[in-house]
Structure formats: structure tokens, C-alpha cells
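Colleague: With the input below, show me the fold.
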Amino acid sequence: MANTTQDIENLAAQIGDNIYIDVAKWHLYLREAHLHSVVAEKVFPLLENDSLSENAVMSILREIKVTLGGGHLQVSLADLLPSKCQIDLIDLLEEYQKSR
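Modeller: Alright, predicted model coming up:
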């Protein structure tokens, strides 16, 4: 369990430093938005079960809701990530899985 926790934390750090949401052309990295750990925790089982796919990751991103405007609006994380970041996230996860 301790190794899994450390693995998730390492994955979260990589996600947080490399993946961002785009708001009015302003890049808010997931670490700064406090979303990196949530993403890592949700995608980690895909890495463990060898079930990583673009569809599976996008489904998870659609399930993660980001609250905006003090709670007036909730938007899926998938809708806030630019296409480049979606691709970068898949690549990052594939590389992470290979390195394990």
C-alpha cells in the first residue's frame, strides 16, 4: 500500500507540473488548481490493470467536475483541457506505465 501511495503521489506530481486547463488563454496547471491528485488517483487503476486507453482516460476526465464561479457552474475537466494537454496526458501516462 505504501508503494502505491508513493506511486500515485509521483504520478500526481508529473500531472500537476505538465497538464493545465485553459481559461481565457490563461494556463492554470492542475497542481495549482489542486486537481492533480484527483486525476492521478482516478487514472492509476488503469495503469495497474493494464487497461490504459484514450477512451478510458477521457471518460475519467469527463467525470471529474470542476466548480467555477463560486459554485454557480460545474464543468467537466475534459472540457477545460486543451486538446494538446489531453494528448500530453495520454503520453505522460503511457510513459509512466512503461517506466514502472
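Colleague: Quick one: residues contacting the residue minimising distance to the centre of the chain.
Modeller: In the chain, the C-alpha nearest the mean C-alpha coordinate belongs to Val39, at 3.8 Å (C-alpha atoms, centre = their mean). Going by C-beta atoms under 8 Å, 6 or more residues apart in numbering, Val39 touches 12, 15, 19, 30, 60-61, 64, 77, 89. C-beta here means a position set from N, CA and C on the backbone, and glycine is covered the same way.
Colleague: Can you pull the phi and psi angles for Thr50?
Modeller: For the record, residue 50 is Asp, not Thr. phi 60, psi 40 (degrees, to the nearest 10).
Colleague: likewise Ser51?
Modeller: According to degrees, to the nearest 10, Ser51 has phi -120, psi 30.
Colleague: Chain neighbours aside, what residue packs nearest to it?
Modeller: Pro45 (7.8 Å; C-beta to C-beta, 6 or more residues apart in numbering).
Colleague: so of the contacts of Val39, which ones are in strands?
Modeller: Among the contacts of Val39, the subset assigned to strands under DSSP state E is empty.
Colleague: any chance of those in CSV, plus distance to Asn3?
Modeller: CSV is the format used below for the contacts of Val39 (distance: C-beta to C-beta, whole Å):
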residue, distance to Asn3
Ala12, 15
Ile15, 18
Ile19, 24
Leu30, 23
Ile60, 22
Leu61, 26
Ile64, 25
Leu77, 27
Leu89, 23
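Colleague: Restricted to buried residues, select the residues you listed in ChimeraX.
Modeller: Of these, the buried ones go into a single ChimeraX selection, burial set by 16 or more other C-beta atoms under 10 Å:
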select :12,15,19,30,60,61,77,89
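Colleague: ok so, going back, can you tell me the SS state at the residue nearest to the centre of the chain?
Modeller: helix (DSSP: H, G, I helix; E, B strand; the rest coil).
Colleague: Scan the helices and strands of the chain for the one with the lowest mean pLDDT.
Modeller: helix 2-18 (a mean of 93; mean pLDDT, DSSP states H and E).
Colleague: Quick check: the closest residue to Arg31 other than its chain neighbours vs Leu73, distance?
Modeller: Nearest residue to Arg31 in three dimensions, chain neighbours excluded: Gly16, at 2.9 Å (C-beta to C-beta, 6+ apart). Here the criterion is C-beta to C-beta, to the nearest Å. By it, Gly16 lies 23 Å from Leu73.
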